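Colleague: kindly return the folded structure for what I paste below:
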Amino acid sequence: MGDPGLFTPNSVTWQMHGDPMMWVAGVRALYLQALHPRAVRGVIQNSDFRRDAWGRLMRTANFVGTTTYGTTEAAERAGVRVRKIHSMLTATDPDTGERYGVGEPELLLWVHCAEIDSYLHVVRRSGFPLTDAQADRYIAEHRVSARLVGLDPATVPASRAELAAYFEKVRPELAAGTEARVVDDFLLRPPTHPLLVPARELLWRRVAQLAYAALPSYAHELYGRPAPSPAVVTRRLRATGRLLRAVPATVRWQLPPKHILRATARLGPGARPAPYKLGR
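Modeller: Down below sits the predicted model:
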């Protein structure tokens, strides 16, 4: 058998990250991450977000796929690249003139926690079967991914209770500032070719609205835009999950960057991610 990588097929991460609702979860993570003014400022000031937002989404997906399903060497290389980029980038607070590095542990921790919370919340709420113990195990597993981006794993939440305590602690620092509005506007109306505008309105806007609806209530308050009732959001997430999961996995996994196909080719068909394997 080949190298199983950092997480291995025995992990919750290996099974859960193969679920198609991860794409909706990724958009929720962007909405949530944008509410930390210092963190989102680092993104806006160091990239042409509106022109290359799709590229940014794909790079994030590639990092998650590589660290989940790639070899140990590939995952470690991906971490080195991320840490190197973070070490070279800075942002400036327009109000105080303070210049700070985007790789500050406080900012990396926010991005990490918003991402892991979004993945777990959306996928689980949409019907992916996870017990509370498995949800805690998933969060603990991602101390590995936290290390890859430059965090001390000992400082990273390792359970639902610790994650909730972290969000409670950081909430006073959150705000829907100018940069968050830029992200919000992009997610609702990403630039596209005029001929593709109808498809954007029909498909993408629904994904963005569902991701926004799945945010916690304090995020809705900060953005100032209401969301449907929790029961309605759950029904929509479950309906979307059923629809996406009806597409055969072998078809879904053909989409780039094809990390799952490469992992199963390396490790054999028994490594295919599937929810039922969590009960073993």
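
Colleague: which residue ranges form the helices in the stretch 151-280 of the chain?
Modeller: 160-170, 178-188, 197-199, 205-213, 217-223, 230-245, 249-252, 259-267 (DSSP state H, counting those that start in this stretch).

Colleague: where among those is the average confidence lowest?
Modeller: Here these differ in mean pLDDT, and the lowest is helix 197-199 at a mean of 68.

Colleague: on that earlier part again, nearest to Val123, of the helices of the stretch 151-280 of the chain?
Modeller: Ranking the helices of the stretch 151-280 of the chain by their distance to Val123 (criterion: C-beta to C-beta) puts helix 230-245 first, at 8.0 Å. Yep, even glycine has a C-beta here, placed from its N, CA and C like the rest.

Colleague: just the C-alphas of that closest one, formatted as PDB.
Modeller: Taking Å, rounded to 0.1, in the frame of the first residue of the first chain, the C-alpha atoms of helix 230-245 are listed here in PDB:
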ATOM      1  CA  PRO A 230     -33.200  27.800  11.200                       C
ATOM      2  CA  ALA A 231     -35.800  25.100  10.300                       C
ATOM      3  CA  VAL A 232     -36.100  26.400   6.800                       C
ATOM      4  CA  VAL A 233     -32.300  26.600   6.400                       C
ATOM      5  CA  THR A 234     -31.900  23.000   7.600                       C
ATOM      6  CA  ARG A 235     -34.600  21.800   5.100                       C
ATOM      7  CA  ARG A 236     -32.800  23.600   2.200                       C
ATOM      8  CA  LEU A 237     -29.400  22.200   3.200                       C
ATOM      9  CA  ARG A 238     -30.800  18.700   3.400                       C
ATOM     10  CA  ALA A 239     -32.500  19.100   0.000                       C
ATOM     11  CA  THR A 240     -29.400  20.400  -1.600                       C
ATOM     12  CA  GLY A 241     -27.300  17.600   0.000                       C
ATOM     13  CA  ARG A 242     -29.700  14.900  -1.300                       C
ATOM     14  CA  LEU A 243     -29.500  16.500  -4.800                       C
ATOM     15  CA  LEU A 244     -25.800  16.700  -4.900                       C
ATOM     16  CA  ARG A 245     -25.200  13.300  -3.400                       C
END
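
Colleague: on that earlier part again, include distance to Ala146 when you put the helices of the stretch 151-280 of the chain into JSON lines, please.
Modeller: Output for the helices of the stretch 151-280 of the chain, formatted as JSON lines (distance: least, C-beta to C-beta, whole Å):
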{"stretch": "helix 160-170", "distance to Ala146": "12"}
{"stretch": "helix 178-188", "distance to Ala146": "23"}
{"stretch": "helix 197-199", "distance to Ala146": "36"}
{"stretch": "helix 205-213", "distance to Ala146": "23"}
{"stretch": "helix 217-223", "distance to Ala146": "22"}
{"stretch": "helix 230-245", "distance to Ala146": "26"}
{"stretch": "helix 249-252", "distance to Ala146": "27"}
{"stretch": "helix 259-267", "distance to Ala146": "20"}
